[in-house]
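J.: Prediction below, plus the sequence it came from.
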Amino acid sequence: MNTMMKSDVTATPDHSSRWHAALALRFEATQGATRITERAHSGPLRLLKPLYPEGDSNCHAVIVHPPGGIVAGDALVANVRVASAAHAVVTTPGAQKWYRSTSSGASADTRLWVESDAALEWLPQEAIVFDGAVATQNIVIDLGAKAKFFGWEMVCFGRRARDERFRQGSFAQDIRVIRDDALLWQETARWIGADPLFDSALGWGGQTVSATAWLAAGHSDAARGASDQALLSAIREALGAEIRSGASNPAPGFFVVKAIGADAESVRELLICVWSRIRLDVFGLEPQRPRIWST
């Protein structure tokens, strides 16, 4: 176990759990280069390798969960900190799978800190909730006043390739976005297997994949209204009309994208289109997909 950053691995191992895993990373800017200065892990949650396909100023990090799936009793904790002037892109090599639970549920807690003048692109693959899973997911995104952030989360209920629907179990999710100690966005949901809303025209309308993305453009003052309108227009243009989706600008410099679709591939590509459209304007970089997505 690497103990370089014990203080950031906040969860206490539960020996009754089948697997407890925690990972903590800190990115710092050193002479114009972003480096991982502290990291710690316990259990099967690891940093695969820091990569620099866009130069030293931007570190790409790949988080891996070797078991490949989350079962009853598992608890995963991931803490990521990006210090001022650092820029990180964090992703995963494959989907996160929530397997059927036979007794107790499983949980995953993610906390992201992005200091003012820092940048984080959080681009994980989708989470697949198997029929019968009992799971809880918590995500907290804590931003400095001038932090730049783009990130998403995707949830797939059932396995489309097997014509599996989510008919038993539950999936609870709580997401909070905080900027400069003020709550910007919170959504809390609990989906139950075979919920009528999955098929209702007022709910999911028969779709099985839900996604949310957030953009913090690095400013928080109302005087930037003109640039906010241009960004919102660009995001909506990238969304197109093929998938049910929408975008809003609920606070200065902050945007939310929602989408719902029939399969993970098309929803993922939609979010990538949004990210590709805003990346140069917000982060000053041409869009370059993480290499791990192609392996």
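T.: Cool, the structure landed.
J.: The closest residue to Arg26 other than its chain neighbours: neighbouring residues, count only.
T.: Nearest in space to Arg26, with sequence neighbours left out and distances taken as C-beta to C-beta, 6 or more residues apart in numbering, is Glu38 at 4.1 Å. (C-beta placed from N, C-alpha, C; glycine too.) By the criterion of other C-beta atoms under 10 Å, Glu38 has 18 neighbours.
J.: Which positions in whichever helix or strand Lys258 is part of come out as buried?
T.: Applying DSSP states H and E as the criterion places Lys258 in strand 254-261. Neighbour counts over strand 254-261 (16 or more other C-beta atoms under 10 Å) mark 254-257, 259-261 as buried.
J.: sorry, back to before: so the residue nearest to Arg26 sits right up against Leu23, yeah?
T.: No: Glu38 lies out of contact with Leu23 (C-beta atoms under 8 Å); the separation is 11.6 Å.
J.: Might you list the low-confidence residue ranges for the stretch 101-250 of the chain?
T.: Counting by pLDDT under 70, the stretch 101-250 of the chain shows low-confidence ranges at 102-103.
J.: taking the mean pLDDT, what do you get for the strand holding Lys258?
T.: Strand 254-261 shows a mean pLDDT of 97.
J.: Let me know the angle separating the next helix or strand after it from strand 254-261.
T.: Where DSSP H and E defines the elements, the next helix or strand beyond strand 254-261 is helix 264-283. Angle of helix 264-283 versus strand 254-261, following axes from the mean of the first three to the mean of the last three C-alpha atoms, to 10 degrees, is 160 degrees.
J.: Helix 264-283: how far from the chain's middle?
T.: From the chain centre to the centre of helix 264-283 is a distance of 13 Å (C-alpha atoms, centre = their mean, to the nearest Å).
J.: Buried residues, it. List them.
T.: 264, 267-268, 270-275, 277-279, 282-283.
J.: For Gln168, grab phi and psi.
T.: Here is the backbone geometry of Gln168 (degrees, to the nearest 10): phi -140, psi 150.
J.: Relative to Ser170, how far out is the residue lying closest to it once chain neighbours are set aside?
T.: Excluding the flanking residues, the one nearest Gln168 by C-beta to C-beta, 6+ apart is Gly193, at 4.1 Å. Look at Gly193 and Ser170: by C-beta to C-beta, to the nearest Å, they are 7 Å apart.
J.: Same question for Gly43.
T.: According to C-beta to C-beta, Gly43 stands 24 Å off from Ser170.
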